[in-house]
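# Attaching a predicted model along with its sequence, questions to come.
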Amino acid sequence: MATYAEVFARSIDDPDGFWLDAAAGIDWISPPTKALDDSQPPIYRWFPDATLNTSANALDRHVSAGRGDRDALVWDSAMVGEKRTYTYAELLAEVSRFAGVLAAQGVVKGDRVIVYMPMIPEAAIAMLACARIGAVHSVVFGGFAAPELATRIDDAEPVAIVTASGGLEPGRTVEYLPMVRDALAIAVSAPETVIVKDRPQVAGSAGDYGWLDWDQQMATARPADAVEVAATDPLYILYTSGTTGKPKGVVRDNGGHAVALHWSMRNVYGVSPDDVWWTASDVGWVVGHSYIVYGPLLLGATTVMYEGKPVGTPDAGAFWRVISEHGASALFTAPTAIRAIRKADPEAAELAQYDMSRFKTLFAAGERLDPDTFEWASEKLGVPVVDHWWQTETGWAIVANLRGLEPMPLKPGTATVPVPGYDVQVVDADGRRLGPNAEGNIVVKLPMPPGTLAGLWGDEERFRSSYLKAFPGYYLTGDSGYIDENGYVYVLGRSDDVINVAGHRLSTGSIEAVVAAHPAVAECAVVGIHDDLKGQRPSGYVVLKAGADIDEDRLRAELVQMVRDEIGAVATFRDVTVVQALPKTRSGKILRKTMRQIVDGEEYAVPSTIEDLSVLEALVDQLGH
């Protein structure tokens, strides 16, 4: 077996040869003769002369290889007490039929389809069906409110929306259809076709709105064959928060994506086609795209889709039950989930009820894995707890401990080393490369490996300005950190105003825009402060308009409801503090970083550009630090 150092060096020195070798793991219609198209830097493309179909690679080829009876997708819903298993042959039949449903509605190669679904098998089926006919899916997290959905509709300009009557959470149901109706009323580019999977647990049905019923359409659908697409054609658009509040539509291609995810399953995660793999995320997030749906199915493994929570459905043993019942060898989740389990069951008493003998590794990503959680999970589970770091934009890990290549000593607070293909460096504000243990901007030298973003939907200038302009020749991750003398990468946090709430990236700017719309609010700032459970949470600081007559409790309740209506419950916005003034620079910029440091009780330096020191001093006194 080659060492990590040898594999990494080849990936950087000979990316064409390295990724052509990796491409042998994918079935091509027209195989690539070259991997990297570097003719137009800083824009790079992978496998420019190749064609394939991603859905066929995830399903058809395994059936053709005689593995049609292998379990492909296991759905486990703690919310309805139901489990459902699809073999590769059965999942292929469902996907082919729904591809036929879309085709019958006039959906063709290159069209966009919005998927607004809860954690049910039909969400994955819809994604794979789009890929089958060359349509571009854009999954929108089911918790997003109508205005957020409308923004994505107008950006993607879909020809159809696939949704369900609603999602289920402990103690409540979330009705999707009124939100879809309202979003369509707001959107300029509203499509005519809406297909609804009715759920008996949620009020409302397709017929109530004159929309198409999933089951009725499937009953008469003619299965659709997989169509040939270019490796460089888009597979999906996934929206991520931008610092302006306007979401950025990250575009993923077909070929590079398939090659990278297939390679990552074996090399990053150490998974084989005979394993059961569980990613406890949501298909609305990039982790769900990559490692609930595409990664494990491209490999030919069994993937578990779970509808439930780590605690409360019904208890803190929920995750251990799923692992035990389905024989999962690995779990990939966010540190928030582990913290929630620890809070509810600090001694892990629930764990003793379950057979964990097949469980080998816990993977964590989406936010920083704090040392306390790392140590607790390591001790209680008795398996490697592996932190790794990546982004919506990259689609798979930038830094990891490669369990299938050369596992390295695990250390708390670090995601370990750069994954082959990612030339990770730390630079100062002038772009000068920094030495070991020096904190700076984390960047990736171009070209990025396959599977990373091909651009932003319909906005190449924003792609360049957001990621490629700050340090020419490098991709700007937007995170700060350092690399130690052993090559281990330490990611310390965001360097912009996008905060990470339980693995969900949210723009504080968009939350501020909602808060500022309240008639009693003169100005406001929202900062991400430390939260033991969620990693970060948004905390709002408002200055009231002169003469505003509203008590703080009522103001807080109204602002919380406004953010919930406009952004969604996912923002978990609850903290509102009325202040006399906000600290600013002389140019009028609010000192959000300094405010966050004050609230978190961290050491902070008073910026030399501060306009009025007394405002900052008053804030420190009010907040008790």
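Happy to help now that I have it. Numbering: from 1, shown residues only.
# what's the pLDDT at residue 245?
Note for residue 245: predicted pLDDT of 62.
# Please disregard the earlier target; I meant residue 575.
91.
# Identify the bridge partners of it.
In this entry, residue 575 is beta-bridged to residue 539, by DSSP bridges.
# what sits up against the helix or strand harbouring residue 617?
Here residue 617 sits within helix 613-623, counting by DSSP states H and E. For helix 613-623, the external contacting residues (C-beta atoms under 8 Å, 6 or more residues apart in numbering) are 577, 579-584, 591, 594-595, 598-599, 606, 610. C-beta here means a position set from N, CA and C on the backbone, and glycine is covered the same way.
# Using CSV, please lay out those together with neighbour count.
Listed next are the contacts of helix 613-623 as CSV, based on neighbours: other C-beta atoms under 10 Å:
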residue, neighbour count
577, 14
579, 19
580, 10
581, 16
582, 19
583, 27
584, 19
591, 24
594, 21
595, 23
598, 21
599, 20
606, 12
610, 16
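# Tell me which of these fall in helices.
594-595, 598-599 (DSSP state H).
# wait, which of the residues you listed is closest to residue 363?
residue 599 (31.0 Å; C-beta to C-beta).
# quick one: the nearest residue to the closest one once chain neighbours are set aside and residue 623, what's the gap?
Closest residue to residue 599 apart from its sequence neighbours, by C-beta to C-beta, 6 or more residues apart in numbering: residue 529 at 4.9 Å. Per C-beta to C-beta, to the nearest Å, residue 529 is found 11 Å from residue 623.
# Looking at the two, which is more packed in?
residue 529 (18 against 14; other C-beta atoms under 10 Å).
# and that one, how far is that from residue 539?
5 Å.
# Need the residues touching each of these two.
Contacts common to residue 529 and residue 539, judged by C-beta under 8 Å, 6+ apart, are 575, 599.
# What's the local residue count around residue 382?
10.
# now do residue 323
25.
# show me what contacts it?
278, 331, 354, 356, 358-359.
# repeat that with 10 Å
276, 278, 280, 304, 329-331, 351, 354-356, 358-359, 362, 381 (C-beta atoms under 10 Å, 6 or more residues apart in numbering).
# per-residue pLDDT, it?
Residue-level pLDDT assigned to residue 323 equals 98.
# For beta bridges, what are the partners of the nearest residue to residue 71 once chain neighbours are set aside?
In this structure, residue 71 finds its nearest non-sequential neighbour in residue 302, 4.5 Å apart by C-beta to C-beta, 6+ apart. In this entry, residue 302 is beta-bridged to residue 276, by DSSP bridges.
# Begin at 2, not 1, for the rest of this chat.
New numbering, starting at 2: the last item is residue 303.
# Any idea how many residues pack against residue 303?
26.
# Could you check how far it is from residue 384?
19 Å.
# hang on, isn't residue 423 packed against residue 399?
Yes: Residue 423 lies in contact with residue 399 (C-beta atoms under 10 Å); the separation is 5.0 Å.
# so what sits against both of these two?
391, 445, 449-450, 453, 476, 490.
# how about low-confidence regions in the stretch 352-501 of the chain?
495-499 (pLDDT under 70).
# try 80 this time
368-369, 371, 493-501 (pLDDT under 80).
# For it, which segments count as strands?
Secondary structure of the stretch 352-501 of the chain by DSSP state E, counting those that start in this stretch: the strands cover 362-365, 386-388, 400-401, 418-419, 424-428, 441-446, 456-457, 475-484, 490-495, 499-502.
# got those as a markdown table, with distance to residue 127 and mean neighbour count columns?
Formatted as a markdown table, those follow (distance: least, C-beta to C-beta, whole Å; neighbours: other C-beta atoms under 10 Å):
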| stretch | distance to residue 127 | mean neighbour count |
| --- | --- | --- |
| strand 362-365 | 26 | 23 |
| strand 386-388 | 31 | 25 |
| strand 400-401 | 30 | 26 |
| strand 418-419 | 34 | 23 |
| strand 424-428 | 35 | 20 |
| strand 441-446 | 32 | 21 |
| strand 456-457 | 23 | 22 |
| strand 475-484 | 31 | 21 |
| strand 490-495 | 32 | 18 |
| strand 499-502 | 26 | 22 |
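# Which among these is found nearest to residue 247?
Nearest of the strands of the stretch 352-501 of the chain (C-beta to C-beta): strand 456-457, 10.6 Å.
# care to break this structure down by domain?
5-309+389-468, 499-624 (automatic domain parsing).
# Which among the ones you listed is found nearest to residue 325?
So among the domains of the chain, domain 5-309+389-468 is nearest, using C-beta to C-beta, at 11.1 Å.
# How far off centre is the closest one?
Chain-centre distance of domain 5-309+389-468: 9 Å, with C-alpha atoms, centre = their mean, to the nearest Å.
# Could you work out the end-to-end span of it for me?
28 Å (C-alpha to C-alpha, to the nearest Å).
# and if you look at stretch 388-396?
16 Å.
# now do stretch 381-389
In stretch 381-389, first residue to last residue: 20 Å (C-alpha to C-alpha).
# In contact with the residue nearest to residue 463 when sequence neighbours are not counted, which residues?
Of all residues not flanking residue 463 in the chain, residue 457 sits nearest, at 5.3 Å (C-beta to C-beta, 6+ apart). For residue 457, the contact set (C-beta under 10 Å, 6+ apart) comprises 156, 238, 240-241, 243, 248-252, 394, 463-468.
# please redo it, this time with the cut-off set to 7 Å
249-252, 463-464 (C-beta atoms under 7 Å, 6 or more residues apart in numbering).
# Run through the bridge partners of it.
With DSSP bridges as the rule, residue 457 is bridged to residue 251.
# Residue 8 against residue 406, yeah?
Yes: using C-beta atoms under 7 Å, residue 8 is in contact with residue 406, at 6.2 Å.
# quick check: longest helix of the chain.
helix 89-105.
# which strands and helices sit next to the next helix or strand after it?
Moving toward the C-terminus from helix 89-105, the next helix or strand (DSSP H and E) is strand 113-117. Contacts defined by 3 or more C-beta pairs under 7 Å, 6 or more residues apart in numbering; DSSP states H and E place strand 113-117 against helix 122-133, strand 137-140, helix 147-157, strand 161-165.
# Comparing these, which comes out most buried?
helix 122-133 (a mean of 27; mean count of other C-beta atoms under 10 Å).
# Do me a favour and average the pLDDT over that one.
Per-residue scores along helix 122-133 average to 98.
# which residues sit against it?
Contacts of helix 122-133 (C-beta under 7 Å, 6+ apart): 54-56, 59-60, 74, 76, 85, 87, 95-97, 99-100, 103, 114, 116, 118, 137-138, 140, 163, 165, 198, 215, 225, 227, 236, 284, 293-294, 306.
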